[in-house]
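# Test case, fold it:
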Amino acid sequence: MSERLIVAPGTPLVRVDQLTRYGAADRPAVTFRSETIDYRELTDRVARVARGLHELGLRRGDRVAVYAEKRIETVVAMLAISAAGAVFVPVNPLFKARHLAHVTADCAARMVITTAERFETVRAALGEGSSVTDIVLIGADADAESAVHWRITRWQRLAATAADAVPDGVAVIDTDLAAIFYTSGSTGGPKGVVLSHRNVLAGAASVAGYLGHTADDTVLAVLPLSFDAGFSQLTTSFIVGAHVVLTNYLVPRDVVRLCARHRVTALTCVPPLWIQLAALDWPAEASAGLRYLANTGGRMPLATLTRLRALLPNARPYLMYGLTEAFRSTYLDPDEVDRRPDSIGKAIGNAEILVVRPDGTNCGPGEHGELVHRGALVARGYWNDPERTALRFRPVPGANPAIQPELAVWSGDTVYRDAEGFLYFVGRTDDMIKTSGYRISPTEIEEAAYATGLVGEAVALGVGDERLGHQVVLVVGGDCDTEVLRKSLAHDLPTYMLPQRTVVLPQLPRSVNGKFDRVELRRLVEVGS
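Okay, the predicted model is just below:
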């Protein structure tokens, strides 16, 4: 096995950018398309850009929105912002002007780093009174000289800055803010989850540990870097000196092709993408090197998991559950998948997961309650939103009143724990279907739909009904004979769980993070009622 560390064991990491110190200097760090840079080059580029940002006036605690697709410059930008003592705010490159305007205004961004191709969107998003004073443009020249409200700097200029150390005056400690990740809420615009350097570094160490990352791994980064699980593909790789391959895939088949080309060993996806990948043929050169497949962002249908395990026999399946507010909470040991494939496992390292009743007391085995996460990964709260922060970040149940209470994340998710301590997801509090006096988890209906083999995509919703409380609506993607589907479901589901209505769409809408967009689906269903 290759050398893992180039710093003395026990050397403390304070900032996110210091993760690059774990990579052997001449080992590949990041690849995008035909370009690969090693850890020495990555460290040098980060130092140059950090110095350049400081010379532009960026200071400790300033927020910088990074609005670009996955590419080497995007990775360097986020690490350089950290090195300069500022706070990086990854913005999903699929966001349009309206969402970008919300993010930059909400966090009072000082600067935007973007690509020339996205400059017009940035221009449309930033009003005359915007907090943004500087825009850094990556890539080809853009017609930006007329941008009278902002100073325009070319990325090439920052990259050519002398790689001197950033002055000590911008040094940070591990509890300082590192990043703000904007995640969709059920109402209003996206909310900003604030992470400290300690949050990010503790999460990287924990997740890399249970996934068994080493410097010999090649991780294919398919998730958006604006998604906490997508960004963690960088941190959990850099902390062991592994190789990250970036992709902005156009079709799922691109993922298979890249696995073959780069001999990928590690792949993490959300359920909608896994469903698509399970429908493809995987040649031996694509599947042979994969040592694990990991699922996040929702429950993977059992039928999909079964198919993937047949296609990728060397890949150990890691089923994970997480919250942006706490990065990652649980994972199921691959050795337990055959015994309990519907479990979300147990707490990750350096975290404790509680299952509590509304009064904060602990639930017994089999009793449904709210999942509460405590530990080093718990975020600092929501940016500029003390009211929602107070609702979600609350004292740990049973906290000692003699000391300052520790805050935990109250997830809003309903789970239960079995007698052996394994956790099972029941549903989001807001997603639970309540009909005819019954409480139904949408995942129960969705799993039954997938098990029929008649649907490729399925989401169950509870739609308001004066008589029933909720009417059960099943939305499926692709071609489907709804009558045949209903008869098949009737074999496995009790009558009260059977959908009163089945809606067929060509394809189910997805959020910017690739998950099924339940809010948009609900709107479509209600409009079509």
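# low-confidence ranges in the stretch 101-250 of the chain?
Flagging of the stretch 101-250 of the chain using pLDDT under 70 yields the residue ranges 141-148, 167-170, 184-189.
# buried ones in stretch 438-454?
For stretch 438-454, a neighbour-count test (16 or more other Cβ atoms under 10 Å) marks 440-452, 454 as buried. Where C-beta positions appear, they are placed from N, C-alpha and C, glycine not excepted.
# Ok, stretch 504-518 next?
In stretch 504-518, counting by 16+ other Cβ under 10 Å, buried: Leu505, Leu508, Pro509, Arg510, Ser511, Val512, Asn513, Gly514, Lys515, Phe516, Asp517, Arg518.
# and what of stretch 229-243?
Buried residues in stretch 229-243 (16+ other Cβ under 10 Å): 229-243.
# Narrow these to those in helices?
Cross-referencing these against helices under DSSP state H gives Ala229, Gly230, Phe231, Ser232, Gln233, Leu234, Thr235, Thr236, Ser237, Phe238.
# can you redo those as TSV with distance to Val219?
Listed next are these as TSV, based on distance: Cβ to Cβ, whole Å:
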residue	distance to Val219
Ala229	12
Gly230	11
Phe231	12
Ser232	10
Gln233	5
Leu234	9
Thr235	11
Thr236	8
Ser237	5
Phe238	10
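# right, and out of these, which lies closest to Arg339?
Ala229 (25.4 Å; Cβ to Cβ).
# is it true that that closest one touches Tyr318?
No: applying Cβ atoms under 8 Å, one finds Ala229 not in contact with Tyr318, separated by 11.9 Å.
# tell me, how many neighbours does the nearest residue to Ala351 once chain neighbours are set aside end up with?
Of all residues not flanking Ala351 in the chain, Gly375 sits nearest, at 3.9 Å (Cβ to Cβ, 6 or more residues apart in numbering). If you count neighbours by other Cβ atoms under 10 Å, Gly375 ends up with 22.
# Identify the residues contacting Gly375.
By Cβ atoms under 8 Å, 6 or more residues apart in numbering, the contact set of Gly375 is Ala202, Ala326, Asn350, Ala351, Glu352.
# quick one: which of those is most hemmed in?
Most neighbours among the contacts of Gly375, by other Cβ under 10 Å: Ala326, with 28 neighbours.
# Let me know the pLDDT of that one.
Per-residue pLDDT puts Ala326 at 94.
# same check, this time on the one 5 residues further on
pLDDT for Tyr331: 98.
# and if you look at Ser529?
61.
# thinking again about what came up before, tell me which two of the buried residues of stretch 229-243 sit farthest apart.
Ala229 and Gly241 (20.7 Å).
# how does the protein divide into domains?
Annotated domains of the chain cover 16-195, 260-426, 431-527 [automatic domain parsing].
# what's the closest of those to Gly209?
Using Cβ to Cβ, the domains of the chain put domain 260-426 closest to Gly209, at 5.6 Å.
# okay, how far is it across the closest one, tip to tip?
37 Å (Cα to Cα, to the nearest Å).
# How about the contacts made by Asp17?
Val46, Ala50, Leu79, Ala80, Ser82, Ala83.
# Which members of those residues are positioned in strands?
Among the contacts of Asp17, no member is found in strands (DSSP state E).
# Out of these, which is nearest to Val219?
Leu79 (16.3 Å).
# For the nearest residue to Thr236 once chain neighbours are set aside, give me its contacts.
Closest residue to Thr236 apart from its sequence neighbours, by Cβ to Cβ, 6+ apart: Ala208 at 4.1 Å. By Cβ under 8 Å, 6+ apart, Ala208 lies in contact with Thr235, Thr236, Ser237, Ile239, Val240.
# give me that answer again for 7 Å
Thr236, Ile239, Val240 (Cβ atoms under 7 Å, 6 or more residues apart in numbering).
# want to throw those into CSV with distance to Phe95?
Formatted as CSV, the contacts of Ala208 follow (distance: Cβ to Cβ, whole Å):
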residue, distance to Phe95
Thr236, 25
Ile239, 28
Val240, 31
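# can you tell me which of those residues lies nearest to Ala460?
The closest of those, once distances to Ala460 are taken by Cβ to Cβ, is Thr236, at 32.5 Å.
# I'd guessed that closest one sits against Ala204; true?
Yes: between Thr236 and Ala204 there is a contact under Cβ atoms under 7 Å: 5.2 Å.
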